[in-house]
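Colleague: Dropping a prediction and its sequence here:
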Amino acid sequence: MFIVTAIDDLIKRGHLVYLLTTTPAGALHEFAEKLGARVFAIPCNGIYDHCRRLIAFCRKHKIDFVFPHLQYLNLVAGLSRFFFNASVFPMRHHSDDVYLSGNKNAMRLDRLVNIFSKKILVVSNRCKTQMVQHENVPEKKIVVMPLYYNFDFYSRISEENTPSPVNNHQALNLVSIGRMVENKNHIVLLNAVKKLASEGLEIKLNLLDTGPLEAELKKLVADSDLDDHVCFLGRQADVVKHIRAADMLVHTSISEGSSQVVKEAGICNRPVIAVSGVGDFDEFVIDKQNGFLLSKYHMEQELVEILKNIYADRSQLATMGVELNKAVRKKFELTPATMTYASIIDGTTC
């Protein structure tokens, strides 16, 4: 929703917006086109082909500003910027994930993007701290631009056929959304569910998305006799529907730039359990008021205790969800945002 919010805002301000992807056209293209953007899906093969096509595209359409996303395309834009007149502002969405995982190729990619970019937009202060302290990027090169949203777009998502949280008997319905990789910490969550189930608590957990650890996680569920408690739903187009169907979102990730699903939970009036010191959670999730914050070092134990308490008394969840909604809107709504693509184009803040 950040991308379509930015597109909509720029078009309303009188700018001509092009959406260019290297993936086939889909729902994003359709949405952007309805907003008035000109959409293109151009498949490429290798970095030379990517650069060549981006350069040709920018020259043909007389592009003034390029806002790429994801590190590989940030590098493509950084290398290509010397061959057209547009200003390039790559946007980095991750903080320390690459360094926690020890992925050397991803580390090299980060270094190259840092070198070839004149300015780099980052989605949170956590990203900036990582880059300054551990990647030796000059602070003046980094611009913090929190993801901003027109949350009215979420209200346009149909709520028809969206089940309400299942509160018959005692089941506590949880949802977790995230790629199945080590730093998302699904094993901690599954171990907590296993512990609670062994004590007779009826926990229902829906896991959305896929990833390289999916087979391992499914084996853990099968070996632990958790098939009646955990459901793997794969990648879903409408995650909001699944958030609304849950009592709360559990997000055990230990590395984030700025998580969108936690904000979506707030917009759905669902409280969250997240990890303190990760991404920007500490800036808007207030422990025991609109959600719960776990420590990185006693996560499983704390998660079990929190879920036990909620299972015994769910009366506070509705109020906490409303409070998280307020906090998310206050920090990430488009209207009060001081740093946006529009402000960069106008030259008022960057």
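Modeller: Okay, I see it.
Colleague: CA only for contacts and neighbour counts going forward, please
Modeller: OK.
Colleague: And stretch 214-224, how far out from the chain middle?
Modeller: Mean-position distance between stretch 214-224 and its chain equals 25 Å (C-alpha atoms, centre = their mean, to the nearest Å).
Colleague: Sorry, slip of the keys, the one I care about is stretch 245-252.
Modeller: The answer for stretch 245-252 is 15 Å, by C-alpha atoms, centre = their mean.
Colleague: Ends of it, what's the gap?
Modeller: Stretch 245-252 has an end-to-end distance of 19 Å (criterion: C-alpha to C-alpha, to the nearest Å).
Colleague: And stretch 140-151, by the same measure?
Modeller: 31 Å.
Colleague: what's the answer for stretch 206-213, then?
Modeller: End-to-end distance of stretch 206-213: 16 Å, with C-alpha to C-alpha as the criterion.
Colleague: Using neighbour counts, pick out the buried residues of it.
Modeller: Neighbour counts using 16 or more other C-alpha atoms under 10 Å place Asn206, Leu207, Leu208, Asp209, Thr210 of stretch 206-213 among the buried residues.
Colleague: and what of stretch 228-246?
Modeller: For stretch 228-246, the buried set under the neighbour-count rule, 16+ other C-alpha under 10 Å, comprises 229-232, 234, 239-246.
Colleague: which residues in the stretch 51-200 of the chain form strands?
Modeller: Assigned by DSSP state E, counting those that start in this stretch, the stretch 51-200 of the chain shows strands spanning 65-66, 87-88, 91-92, 120-122, 142-144, 172-177.
Colleague: Which of those sits closest to Ala327?
Modeller: Of all these, it is strand 142-144 that lies closest to Ala327, at 19.3 Å by C-alpha to C-alpha.
Colleague: Report the two of the buried residues of stretch 228-246 separated the most.
Modeller: With C-alpha to C-alpha as the measure, no two of the buried residues of stretch 228-246 lie farther apart than His229 and Val240, at 20.9 Å.
Colleague: Give me the residue ranges of this structure where confidence is low.
Modeller: For the chain, the stretches flagged by pLDDT under 70 are 155-169, 348-350.
Colleague: per-domain residue ranges of it.
Modeller: 2-150+333-346, 161-332 (automatic domain parsing).
Colleague: So which of the ones you listed is the most surrounded?
Modeller: Per-stretch averages of neighbours, counted by mean count of other C-alpha atoms under 10 Å, single out domain 161-332 among the domains of the chain, with a mean of 18.
Colleague: if we can go back for a sec, taking the buried residues of stretch 228-246 one by one, which sit in helices?
Modeller: Val239, Val240, Lys241, His242, Ile243, Arg244 (DSSP state H).
Colleague: ok, and what's touching stretch 23-34?
Modeller: Stretch 23-34 is contacted by residues Val4, Ile7, Asp8, Leu19, Arg38, Val39, Phe40, Ala41, Ile42, Pro43 when judged by C-alpha atoms under 8 Å, 6 or more residues apart in numbering.
Colleague: meant to ask about stretch 77-97, not that
Modeller: Applying C-alpha under 8 Å, 6+ apart, the contact partners of stretch 77-97 are 51-52, 54-55, 58-59, 63-71, 74, 113, 116-123, 126-128, 130-131, 183, 255-258, 279.
Colleague: and what of stretch 325-345?
Modeller: With C-alpha under 8 Å, 6+ apart as the test, stretch 325-345 has contacts from 5-6, 9-10, 13, 65, 144-151, 263, 266-269, 284-285, 349-350.
Colleague: Which ones among the residues you listed lie within helices?
Modeller: Those of the contacts of stretch 325-345 mapping onto helices are Thr5, Ala6, Asp9, Leu10, Lys263, Gly266, Ile267, per DSSP H.
Colleague: Just the strands from the stretch 251-350 of the chain, written as ranges.
Modeller: With DSSP E, counting those that start in this stretch, the ranges of strands along the stretch 251-350 of the chain come out as 272-275, 291-294.
Colleague: Distance to Thr335 for those strands - can I get that in TSV?
Modeller: Shown next, in TSV, are the strands of the stretch 251-350 of the chain (distance: least, C-alpha to C-alpha, whole Å):
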stretch	distance to Thr335
strand 272-275	24
strand 291-294	24
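Colleague: Nearest to Lys104, out of these?
Modeller: Closest approach to Lys104 among the strands of the stretch 251-350 of the chain (C-alpha to C-alpha): strand 272-275, 25.6 Å.
Colleague: any idea how far stretch 263-281 is from the chain center?
Modeller: That offset, for stretch 263-281, works out to 11 Å (C-alpha atoms, centre = their mean).
Colleague: Pull that stretch out as PDB, backbone CA atoms only.
Modeller: Extracted in PDB, the C-alpha atoms of stretch 263-281 (Å, rounded to 0.1, in the frame of the first residue of the first chain):
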ATOM      1  CA  LYS A 263       0.700  -1.700  10.700                       C
ATOM      2  CA  GLU A 264      -2.000  -3.700   8.900                       C
ATOM      3  CA  ALA A 265      -2.900  -5.400  12.100                       C
ATOM      4  CA  GLY A 266      -3.400  -2.000  13.800                       C
ATOM      5  CA  ILE A 267      -5.600  -0.800  10.900                       C
ATOM      6  CA  CYS A 268      -7.700  -4.000  11.500                       C
ATOM      7  CA  ASN A 269      -8.000  -3.200  15.200                       C
ATOM      8  CA  ARG A 270      -5.900  -6.200  16.100                       C
ATOM      9  CA  PRO A 271      -3.200  -6.000  18.800                       C
ATOM     10  CA  VAL A 272       0.200  -7.500  18.100                       C
ATOM     11  CA  ILE A 273       3.100  -9.300  19.800                       C
ATOM     12  CA  ALA A 274       6.400  -8.100  18.400                       C
ATOM     13  CA  VAL A 275      10.000  -7.900  19.400                       C
ATOM     14  CA  SER A 276      11.500  -4.900  21.100                       C
ATOM     15  CA  GLY A 277      14.600  -3.300  19.500                       C
ATOM     16  CA  VAL A 278      13.600  -4.500  16.000                       C
ATOM     17  CA  GLY A 279      12.700  -2.100  13.200                       C
ATOM     18  CA  ASP A 280      10.500   0.800  14.400                       C
ATOM     19  CA  PHE A 281       8.200  -1.200  16.700                       C
END
